[in-house]
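[1] A predicted structure for the sequence below; I have some questions about it.
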Amino acid sequence: MQVLINFGIVIASVAFMEFVAWWSHKYVMHGWGWGWHRDHHEPHNNTFEKNDLYAIVGSAISISLFVIGAWLWEPATWMGVGVMIYGIIYTLIHDGLVHQRYFRWVPKSGYAKRLVQAHKLHHATIGKEGGVSFGFIVAEDPVKLKKELKRQREAGIAVVRDSVGAS
């Protein structure tokens, strides 16, 4: 029974991390933390970005949970595993698939294509204001996101690149 409980904690932690990632992406990275995130939205030839510092923050959270789990409260270990798994998923999907930092594959259909399209629409705005699709694993319908970008552009909330969101 304890194995099922631990597995449930891991799964719940991975799911909760998508909310944490969405919230921190929208309100921290596109807010007061824009200084670290900005270069992720600008063209460059660097192997690393200041934005990669956020991965260190995520790692510190996971390590802290492992320490708490080892010394104070055992369930924190399994939360740390969930945070670590989310970090691996983020690295493979966001950095690998979407931004093609580690491998080259352009999905032609399904969930992977929707995820890539949604994140490309996230990068359709210039600057930190406005924008859509702040999650990393859950992706909304690209048609809906394009309509929201058009609304934001027309309302003066966001500057949208000409090639996206205008239709």
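    All right, it came through fine.
[2] Report the buried residues of the longest helix along the chain.
    Criterion DSSP state H: the longest helix present in the chain is helix 2-24. The neighbour-count check on helix 2-24 (16 or more other Cβ atoms under 10 Å) flags Ile9, Val10, Ser13, Val14, Met17, Glu18, Ala21, Trp22, Ser24 as buried. Every residue, glycine included, has its C-beta placed from N, CA and C.
[3] Please apply the same query to stretch 88-99.
    Buried-residue list, stretch 88-99, by 16+ other Cβ under 10 Å: Tyr90, Ile93, His94, Asp95, Leu97, Val98.
[4] ditto for stretch 113-122
    Leu115, Val116, Gln117, Ala118, His119, Leu121, His122.
[5] Likewise for stretch 41-59?
    His41, Glu49, Asn51, Tyr54, Gly58.
[6] Same list (those) but as TSV, adding pLDDT and secondary structure.
    Formatted as TSV, these follow (pLDDT from 0 to 100; DSSP: H, G, I helix; E, B strand; the rest coil):
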residue	pLDDT	secondary structure
His41	92	helix
Glu49	93	coil
Asn51	95	helix
Tyr54	96	helix
Gly58	96	helix
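[7] Gly69 touches Ala76, doesn't it?
    Yes - the pair Gly69 / Ala76 is scored as a contact, 3.8 Å apart, by Cβ atoms under 8 Å.
[8] So the most centrally placed residue in the chain: helix, strand or coil?
    The residue lying closest to the centre of the chain (Cα atoms, centre = their mean) is Phe136, at 3.3 Å. Using DSSP: H, G, I helix; E, B strand; the rest coil, the structure places Phe136 in coil.
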